[in-house]
Structure formats: structure tokens, C-alpha cells
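Colleague: Predicted model and sequence follow; I will ask about them next.
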Amino acid sequence: MWDNVRRACGIYPEKRISCLRKNGQEVRNISDMVDVLAEAFASIFSASNYTEPLLTHKNRTERIKLRFQTTKHIYYNTDLTIFELHTALSVLKHTSPGPDEVTYSMLQHLSENSLLNILYMFNRIWKEHVFPDCWKHAFIIPIPKPCKDPQDPLNYRPIALTSCMCKLFERIVNVRLVHILEKNEYISPFQSGFRKSRSTIDNLMSLETDIRVAFLKRNHLVSIFFDIYKAYDRTWRVRMGNTYSNFFCQGEGVPQGSVLSATLFVSAINPILSVIPQSVQKNLYVDDLYISCYARNMQLIERQLQTAINNIVEWSNKSGFTISAQKTIGIHFCKRPLHPDPELLLSGVPIRFQDNYTFLGIVFDKCLTFLPHIASLRKRCLRSLNILRTLSNTSWGADRSCLLRVYRSVIRPMIDYGSVAYGSARPSYLKRLDYVHHQALRLCLGAFRTSPIPSLYAEAFEPSLSSRRDKLSLSYYFRILSNDIHPLRGTLLNGNNNRLFNARPSCILILDCVCAIYLQTLFMM
């Protein structure tokens, strides 16, 4: 968004990579830099990074011939249909083309006869398992990671540009694959990534609910947030402007830039949840894994979590995933500050405990006040208000409807995200975000600083933030109730928790109790 604002003001920032370091030496020639980046990307997940036991297991397993037998009469093995092709084309968005320079726009404007020819080619590939060579190549655009040293080639994120024809074919196959995985419940209900009607809010609410229940029972709760080292950076020809590197092969991992990559990765990491004991809560969003356990006895928590950690490490050593011990963080959630943190080890390295941790964009503090998150969110939103100040210039600025559209699409989603979880904070903390909301409406409407707040809501057709949080909470609550296998369904419908909250009214309520009060109030009106 800021790039568009700068362009509107005639400012075009320079983003060219000027220098890289390789073995302590500076590389400035662009043709050498693209090769340095390509080598770095290719080396991240090559087989040479695996441990000796894993390499031995991998080589032994790959020597076993697969006895794959299937039948064409199974519905997911039948020929691809023109309906599936049209459906895949209808959801495509315009993206940069791959090495063959065929764009989605070209494919969407083809005649019916041309689409039938493409479908015939897709079905030959589907049955004969022979893929065009150009589909196996990709251009890699290096994007610098924020707040990292730009001279380190490992601090760039590889964005792959693959063939649009290949991605169209994979999109059709992916729909069938996802249908099979969901229908047969191959994917754990505790995995929320890349699944229909699931989101990061499921993981955030699961953690927030567990902490609230632990506080209600006056227990300790310890959470461990794992970092899977470079889970997706498995790329291979790097492009910078019009300069290309040499070709590099991707030896391991899911295909970079492939439509199937997300589904394949979720399927590959799914077994990690099965090795965690039932007494330990767990949740996974793609590769963001956390486990937690609550009890009155800290020694019991340590034993349960250490067993789970050992199982996860053992599984990762066999599967090829690498758990970063330096970036794995623990938090001891407790309202009484005198208790020492537990002592847990990950591959012999002590797990570091912190008072705060940012999990899926929400800052959780050890007392679950959400004050650090609200302060950080308020700071980011106030900075983003400068967009509205720039666009509301009195001589050339946008009109009211355009400014409101910018606010609702750029700034308000920042406040809405995770509000179902952090909405349980104290009202005095949440009011700190009201200033952002009111200031944004004044900028959009051109209102005076003395304008009454109710008049701002009426003029902009905007509800208050508290009303919006209530609406989002109710929508999420009904979404959970509509899903019989949702992992939060059992917790929210637990009558024992409701009785405990009724017995201790000073405790902050979980989502189920809050929504019950909302609904009761609505029915009484």
C-alpha cells in the first residue's frame, strides 16, 4: 500500500540488490550475485544437510520398489473433465508467467476448441505420467526478508515463477486430492492450515481458551512454540531484472511455487500430531506447532511436555524436518509471578522461556492481559493512518467513499484480526484502540476534532469496535457449532467449564460463555 502511495507522489524507491557476501568476500557483479543466490537456495534443503541416521534411513527406504496398484474405475482416477477445467480457470488471478511466458489471461480467453485441446493434453499427462520439461523449471525472484542483513544470501525469500499451464493442471488435481484427504479424514482436526472453513483464529482461540480454563482452575499452563527450520524454502534459476543464473536442481522437499506444495506439505507434516500424548494439547497451522499442558503440579507438566518434545524430536529426525532449538520458545502462563519456569530440553539444548511471544500475529503475555499486543497494534495502526492523511490532501485528495474504502481494506482488518481472541482483554485496554478508529473516521469524513463520536458512526455507517468484536465473535462461535469435528467444539460446549465460571464470576469468560450472554441479551431486547 505504501508503495502505491509513494508512486502517487512520484517517488519510486530503488530495490536493486547492490552487494552479497560469499565466504567473506563481497560479490557485486550481477551475474555472479544471481549464481550466489541460486546456490544458497539450492543448498538449504539438499540431502547433504541431513543427519547420518536420516540419510541411511532415506537411502534404505528409496531402494525399496513401490508396489503401487490402483484402478481407473475409482472416481478420483478418472479422466479430467471440461467442467473441472472451467472451474479452475474461473478462480485464477493474474500472476507473472513462468519460463514459457504463458499467462493466465491468455488461457482464460481461449476458445472452447482450444480448451478441449488443452484438456486432451492434460488427460494424456494424467494417464501416461509424462510431464513437459518446461514444467519442471522455475524462475526464482529473491525477495529480502524484513529486518535482516541484505548481504546474506540466506536472508532472501525465494518466490518461484512456474508455468501457468502447469499450475492450472495442478489446480485441478489439487481439488481432487483435497477432497480425498478431507472425506477420509486423513488430515488431523488439529491442523488448520490451508483447509476450508479453518484459519489461524482456530489456533489462537484454542490457546486462549486453554489458558483461560487453566486460570479458572488455578493451574499452571506451559506452552512450547516450535520453529521448524526453513520448512518451505526448498527450491531454480534465479532472475534479477534481465539477468539469469545457471540452472540448479531441487533435491529435496515440496516443489517451490507449485499449487500442490501446500497440500503435500500439510500431508507430510500431519503425522507429527500423532506422536504427541493425549494429555498434551496441540495445534498446528501448516508448520507453526505449539503444545501446552496445564496442571497444579509443575513436575507433572514437565514430565508430560518433555515426553512430547522427545517424541517430536524423534519423529523429526526420521522425517527430515529440522526443529530449531534456538528459535523454539516456551511461556509459563501464570498470574502469580513467584513460580520458577520449568526446565525442558530440546535435543539436549534448554528451551528458552520468555514473558511474551508473538504467535500467528498475536502477542501472548504470561498473564494473558494482551496489553503488549494492544500497544503494538495501536502503534502499527497509528503509523498506517498516515496513508489516510496523505490521500486526504485538500487540493488533490480522494473523496469520502474512497477514503472509507481504504480504511476498511487496510487499517480496520489489522484491528479485526485476532479480535475474537484479544477481545477478552480488559475494557480499559481495548479502549486504547478506539482512538485509532475515531481518528480514522475523522480523516475519512473531514470531521472536526470536536465532532461527537456517535455522529462519526452515523455519517460513516461504521459500528463501534466493541460492536464489531461482538459480531465477529458470534460469527466465529456459530462457525464452530456448524463443524462437528472442530477441535474447539468440545471445549466450548463443556458444561463443567460453564459451572466453574458461574462459581467464579471474577474470572474472564471463554468464548462460549460470552456468546451465551450476547444471545440472551439479544433475545430479551
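Modeller: Done, it's in.

Colleague: What are the structural domain limits within the chain?
Modeller: In the domain annotation for the chain, the residue ranges read 20-184, 200-231+259-365, 371-524 (the TED database).

Colleague: Turn these into JSON lines, columns for mean pLDDT, mean neighbour count and distance to Gln191.
Modeller: From N, CA and C alone the C-beta is placed, and that goes for glycine too. Supplementary listing: the domains of the chain in JSON lines, determined by pLDDT from 0 to 100; neighbours: other Cβ atoms under 10 Å; distance: least, Cβ to Cβ, whole Å:
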{"stretch": "domain 20-184", "mean pLDDT": "83", "mean neighbour count": "14", "distance to Gln191": "10"}
{"stretch": "domain 200-231+259-365", "mean pLDDT": "90", "mean neighbour count": "18", "distance to Gln191": "5"}
{"stretch": "domain 371-524", "mean pLDDT": "86", "mean neighbour count": "16", "distance to Gln191": "10"}
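
Colleague: could you dump the ones you listed to CSV with distance to Gly193?
Modeller: Below are the domains of the chain laid out as CSV (distance: least, Cβ to Cβ, whole Å):
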stretch, distance to Gly193
domain 20-184, 12
domain 200-231+259-365, 3
domain 371-524, 14
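
Colleague: quick one: which of those domains is nearest Phe194?
Modeller: With Cβ to Cβ, the closest approach to Phe194 among the domains of the chain belongs to domain 200-231+259-365: 4.6 Å.

Colleague: thinking again about what came up before, and of the domains of the chain, who's closest to Ser192?
Modeller: Short answer: domain 200-231+259-365, nearest of these by Cβ to Cβ, at 4.4 Å.

Colleague: Measure how far that closest one is from the centre of its chain, please.
Modeller: Domain 200-231+259-365 sits 16 Å away from the centroid of its parent chain (Cα atoms, centre = their mean, to the nearest Å).

Colleague: what distance separates the start and the end of that domain?
Modeller: Counting by Cα to Cα, to the nearest Å, you get 18 Å between the two ends of domain 200-231+259-365.

Colleague: Likewise for stretch 354-367?
Modeller: Distance between the boundary residues of stretch 354-367 (Cα to Cα) amounts to 12 Å.

Colleague: what's next to that stretch, contact-wise?
Modeller: Stretch 354-367 is contacted from outside by 200, 203-204, 207-208, 211, 223, 225, 285, 288, 290, 329-335, 370-373, 376, 417-418, 421-422, using Cβ atoms under 8 Å, 6 or more residues apart in numbering.

Colleague: do the same with stretch 492-512
Modeller: 205, 209, 212-213, 215-217, 420, 424, 473, 476-477, 480, 491, 513, 516-517.

Colleague: Give me the subset of these lying in helices.
Modeller: When DSSP state H defines the helices, the subset of those inside them is 205, 209, 212-213, 215-216, 420, 473, 476-477, 480, 491, 513, 516-517.

Colleague: Among the residues you listed, which one sits closest to Ser111?
Modeller: Ranked by distance to Ser111 (Cβ to Cβ), these are led by Tyr476 at 44.7 Å.

Colleague: Okay, that closest one and Ile201: tell me how far apart.
Modeller: Plainly put, Tyr476 is 6 Å away from Ile201 if you go by Cβ to Cβ, to the nearest Å.

Colleague: Mind listing the shared neighbours of these two?
Modeller: Common neighbours of Tyr476 and Ile201 are listed as Val420 (criterion: Cβ under 8 Å, 6+ apart).

Colleague: Let me know the helix or strand that Cys293 is in.
Modeller: For Cys293, the host element (DSSP states H and E) is strand 288-295.

Colleague: After that strand, which helix or strand is next?
Modeller: Scanning forward in sequence from strand 288-295 by DSSP H and E, the next helix or strand is helix 298-319.

Colleague: Which strands and helices lie in contact with that next one?
Modeller: Helices and strands touching helix 298-319, by 3 or more Cβ pairs under 8 Å, 6 or more residues apart in numbering; DSSP states H and E, are helix 52-62, strand 220-226, strand 288-295, strand 345-346.

Colleague: Relative to Arg405, which of the ones you listed is closest?
Modeller: Nearest to Arg405 among the helices and strands packed on helix 298-319 is strand 288-295 (31.8 Å), distances taken as Cβ to Cβ.

Colleague: what's the angle between the closest one and strand 220-226?
Modeller: 160 degrees (axes from the mean of the first three to the mean of the last three Cα atoms, to 10 degrees).

Colleague: Adjacent strands (with direction) for strand 288-295?
Modeller: strand 220-226 (antiparallel), strand 281-285 (antiparallel) (DSSP bridges).

Colleague: For those, give me a markdown table that also has distance to Phe139.
Modeller: Formatted as a markdown table, the strands paired with strand 288-295 follow (distance: least, Cβ to Cβ, whole Å):
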| stretch | distance to Phe139 |
| --- | --- |
| strand 220-226 | 32 |
| strand 281-285 | 29 |
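
Colleague: Which one of those lies nearest to Leu300?
Modeller: Once the strands paired with strand 288-295 are compared by Cβ to Cβ, strand 220-226 is nearest, at 9.5 Å.

Colleague: now what about the closest one, what contacts it?
Modeller: 207, 210-211, 214-215, 288-296, 298, 301, 305, 309, 312, 323, 328-334, 339, 342, 344, 351, 357, 359, 364.

Colleague: cool, stretch 293-313 as well?
Modeller: The contact list for stretch 293-313, computed with Cβ under 8 Å, 6+ apart, reads 210, 213-214, 217-222, 224, 226, 272, 275-277, 279-282, 289, 291, 323, 339, 342-347, 351.

Colleague: Figure out the length between the terminal residues of stretch 408-422.
Modeller: 20 Å.

Colleague: who's in contact with that stretch?
Modeller: Under Cβ under 8 Å, 6+ apart, the answer for stretch 408-422 is 1, 201, 204-205, 207-208, 360-362, 370, 373-374, 377, 380-381, 384-385, 387-388, 433, 436-437, 440, 465, 468-469, 472-473, 476, 511.

Colleague: Point out the ones among those residues that are inside helices.
Modeller: Here DSSP H is the test, and these give 201, 204-205, 207-208, 373-374, 377, 380-381, 384-385, 387-388, 433, 436-437, 440, 465, 468-469, 472-473, 476, 511 as lying in helices.

Colleague: Neighbours of Lys196, how many?
Modeller: Lys196 has 7 neighbours, counted by other Cβ atoms under 10 Å.

Colleague: tell me the SS of it?
Modeller: coil (DSSP: H, G, I helix; E, B strand; the rest coil).

Colleague: so who does it touch?
Modeller: Here Lys196 is in contact with Glu182 (Cβ under 8 Å, 6+ apart).

Colleague: Quick check on it: phi, psi?
Modeller: The phi/psi pair for Lys196 (degrees, to the nearest 10) reads phi -70, psi 140.

Colleague: per-residue confidence for it?
Modeller: On pLDDT, Lys196 comes in at 89.

Colleague: From Ile517, how far out is it?
Modeller: Using Cβ to Cβ, Lys196 is found at 30 Å from Ile517.

Colleague: and stretch 430-442, C-alpha only, in CSV?
Modeller: Taking C-alpha atoms only, stretch 430-442 is exported to CSV below (Å, rounded to 0.1, in the frame of the first residue of the first chain):
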residue,chain,number,x,y,z
LEU,A,430,-9.4,-2.3,24.5
LYS,A,431,-10.4,1.4,24.6
ARG,A,432,-6.9,2.3,23.5
LEU,A,433,-7.8,1.1,20.0
ASP,A,434,-10.9,3.3,19.9
TYR,A,435,-8.7,6.3,19.4
VAL,A,436,-7.4,4.8,16.1
HIS,A,437,-10.9,4.0,14.9
HIS,A,438,-12.2,7.5,15.7
GLN,A,439,-9.2,9.3,14.2
ALA,A,440,-9.5,7.3,11.0
LEU,A,441,-13.2,8.2,10.7
ARG,A,442,-12.4,11.9,11.2
